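**Student:** Give me a 3D structure for the following:
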Amino acid sequence: MNPILLHLFTSLAYLVLAAYLWRILQRGSQPHSARSIRVAQTLVVIPLVIHCALLAESMLRPDGLYLGVGNAVSVIIALAVLIYWIASFFHRMEALYVLVLSAAAVLLLLPVFLPASGPLENTELFVFKAHLLIALLAYSLFTVASLHVLLMAVVEKRLHSGDIPSSMQALPSLLAMETVLFQIIGGGFIFLTLTLVTGMLYSEELFSKAITFSHKTLFGFVSWLIFAALLIGRRLYGWRGRVAVRWTLAGFIALILAYIGSRFVVEIILHR
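**Tutor:** Sure thing, here's the model as predicted:
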């Protein structure tokens, strides 16, 4: 099948599943709801597998690894879907699943419109491969954390107004959602730390110095400091609510600027 048609089919499949879950949530708690949700959890494997296959075909070519802005964002959202698919067997967060699947339906199309201009350099180095894989996992976890914290903000606002729609009534308490949020952020922070460490090892092997100043390095460390401060603030001062929302989104924006922003400037604006 034509790759563009496959992208469109996969996007539609994500949207259908998101709409299906949303419809279940709108009905509220009913005896058949849990079974319907399990069906959706099972069916999401189909578009996810096709999504990964499309990424493999687009990125893995005989002359090297193609990872432009479009592919990078598509990989991150695919990993986010996978992470949340696994987490959904342990936590009931169907409203967040709707957000993740809806985002995947849009972002998986980016490689079609923003194809990589050429293969990455130095992909034969093991430390670079490790750095790339760990970085993508960190991005994916923080993507899920950002969507999660936005959902928490909406739920908190609804609670204060006393208007809780049926789609949110099946969600766990804000305290439980907050616990899950910091578990995700904690995991993401570990991977982000490893990303910076492997990045320094890669720089040392390639340039004979651990740190080379760049836009990517600056925002990478800024993001690390923001999330470190958030976790310390949570531990020492019990930070939560709006404070957690602001710091999580600030760290995520810095992380996006670290790689996606720099690649966007290089590929889209400078055409390199």
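**Student:** Could you list the low-pLDDT ranges of the chain?
**Tutor:** 1, 28-33, 160-171, 206-214, 260-272 (pLDDT under 70).
**Student:** which other helices and strands contact the lengthiest helix in it?
**Tutor:** The residue-count maximum for a helix in the chain (DSSP state H) belongs to helix 126-161. Applying 3 or more CB pairs under 8 Å, 6 or more residues apart in numbering; DSSP states H and E, we find helix 126-161 packed against helix 69-87, helix 94-107, helix 166-169, helix 174-207, helix 241-256. Placement of C-beta: from N, CA and C, glycine included.
**Student:** ok, then the element right after the longest one?
**Tutor:** It stands for helix 174-207. Where DSSP states H and E defines the elements, the next helix or strand beyond helix 174-207 is helix 215-237.
**Student:** quick one: that next one to chain centroid distance?
**Tutor:** Centre-to-centre, helix 215-237 and its host chain are 18 Å apart (CA atoms, centre = their mean, to the nearest Å).
**Student:** May I see the buried residues of the longest helix of the chain?
**Tutor:** 127-128, 130-132, 134-149, 151-153, 155-156 (16 or more other CB atoms under 10 Å).
**Student:** tell me the angle of it relative to helix 94-107?
**Tutor:** 130 degrees (axes from the mean of the first three to the mean of the last three CA atoms, to 10 degrees).
**Student:** ok and helix 126-161 relative to helix 174-207, angle-wise?
**Tutor:** Using the same axes, to 10 degrees: helix 126-161 against helix 174-207 is 160 degrees.
**Student:** Run the angle between helix 126-161 and helix 215-237 for me.
**Tutor:** Per the same axes, to 10 degrees, the angle that helix 126-161 makes with helix 215-237 is 50 degrees.
**Student:** gap between helix 126-161 and the chain center?
**Tutor:** 5 Å.
**Student:** re the thing from before, of the helices and strands packed on helix 126-161, which is nearest I50?
**Tutor:** Closest to I50 of the helices and strands packed on helix 126-161 is helix 69-87 (CB to CB; 10.3 Å).
**Student:** Could you list the buried residues of the closest one?
**Tutor:** Buried residues in helix 69-87 (16+ other CB under 10 Å): 69-85, 87.
**Student:** same thing with stretch 97-107?
**Tutor:** 97-105, 107.
**Student:** Please list the residues outside it that contact it.
**Tutor:** Defining contact as CB atoms under 8 Å, 6 or more residues apart in numbering, one finds that stretch 97-107 is touched by 11-12, 14-15, 17-18, 21-22, 25, 40, 44, 47, 51, 73-74, 76-78, 80-81, 84, 88, 144, 147, 150-151.
**Student:** With just CA atoms, put it into PDB.
**Tutor:** Output of stretch 97-107 as PDB, limited to C-alpha atoms (Å, rounded to 0.1, in the frame of the first residue of the first chain):
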ATOM      1  CA  TYR A  97      -5.600   8.000  26.600                       C
ATOM      2  CA  VAL A  98      -8.000  10.000  24.500                       C
ATOM      3  CA  LEU A  99      -5.500  12.900  24.400                       C
ATOM      4  CA  VAL A 100      -2.600  10.700  23.600                       C
ATOM      5  CA  LEU A 101      -4.300   8.900  20.800                       C
ATOM      6  CA  SER A 102      -5.700  12.100  19.300                       C
ATOM      7  CA  ALA A 103      -2.200  13.600  19.400                       C
ATOM      8  CA  ALA A 104      -0.800  10.500  17.700                       C
ATOM      9  CA  ALA A 105      -3.300  10.800  15.000                       C
ATOM     10  CA  VAL A 106      -1.900  14.200  14.000                       C
ATOM     11  CA  LEU A 107       1.800  13.800  14.800                       C
END
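**Student:** about what we covered before: could you redo the buried residues of stretch 97-107 as TSV and give each row distance to R235?
**Tutor:** Listed next are these as TSV, based on distance: CB to CB, whole Å:
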residue	distance to R235
Y97	29
V98	32
L99	28
V100	28
L101	33
S102	33
A103	30
A104	33
A105	37
L107	33
